[in-house]
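[1] From the sequence below, what's the structure:
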Amino acid sequence: MRIRSEQINALSIAMVQGWEQRIIARLRVEYPEQLASIGAEEAVAIVGGGVARAATHGITAELDVERYISLLFSCSQSFDTSSWAKSVLEDDTIPPEYKVDQLEGLRDLLGSEACGGE
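    Okay, here's the model as predicted:
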């Protein structure tokens, strides 16, 4: 049996969509009020955008991407444009697997109100 590239692409899309739905389900538990205030389409868009934005900073491991997306809700949708986040995300000396650790630490230090985008 041969699997065509179109079939592989379809499977990949289905896997990503399933992963995004699992992220949304977890976010509904962590941030119920925020998720209740946005529609399902917007939640999918935010999560999909978060996956893409994390990747631009080299953050591609599933758990790290999920934690990055959680920052979109615990801080703001534009947290990654703030000076404190950019100082981490644009630092090429920090390995991608440690960037989210540092972002979460700074969020905890600054407090959720202070960690919004500028």
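
[2] which intervals of this protein have sub-threshold pLDDT?
    For the chain, applying pLDDT under 70 flags the ranges 1-16, 112-114, 116-118.

[3] any idea which residue sits dead centre in it?
    I69 (2.3 Å; Cα atoms, centre = their mean).

[4] Does that residue lie in a helix or a strand, and which?
    Per DSSP states H and E, I69 falls inside helix 62-74.

[5] Does anything pack onto that helix? Which helices or strands?
    helix 5-30, helix 40-56, helix 96-110 (3 or more Cβ pairs under 8 Å, 6 or more residues apart in numbering; DSSP states H and E). In short, each C-beta sits where N, CA and C put it, glycine included.

[6] Now mean neighbour count and distance to K86 too, for the ones you listed, in CSV please.
    Shown next, in CSV, are the helices and strands packed on helix 62-74 (neighbours: other Cβ atoms under 10 Å; distance: least, Cβ to Cβ, whole Å):
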stretch, mean neighbour count, distance to K86
helix 5-30, 12, 24
helix 40-56, 15, 12
helix 96-110, 16, 10
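
[7] As CSV, the ones you listed with distance to V88 would be great.
    Output for the helices and strands packed on helix 62-74, formatted as CSV (distance: least, Cβ to Cβ, whole Å):
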stretch, distance to V88
helix 5-30, 21
helix 40-56, 13
helix 96-110, 5
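
[8] circling back: how far off helix 96-110 does the helix holding I69 point, in degrees?
    For helix 62-74 against helix 96-110, the angle by axes from the mean of the first three to the mean of the last three Cα atoms, to 10 degrees is 30 degrees.

[9] ok, so what distance separates the residue nearest to the centre of the chain from Q34?
    Distance from I69 to Q34, counting by Cβ to Cβ, to the nearest Å: 12 Å.

[10] so which strand or helix has the nearest residue to L106 once chain neighbours are set aside?
    With sequence-adjacent residues excluded and distances taken as Cβ to Cβ, 6 or more residues apart in numbering, L106 is closest to W84, at 5.3 Å. For W84, the host element (DSSP H and E) is helix 83-89.

[11] buried sites along that helix?
    Across helix 83-89, burial judged by 16 or more other Cβ atoms under 10 Å covers W84, A85, V88, L89.
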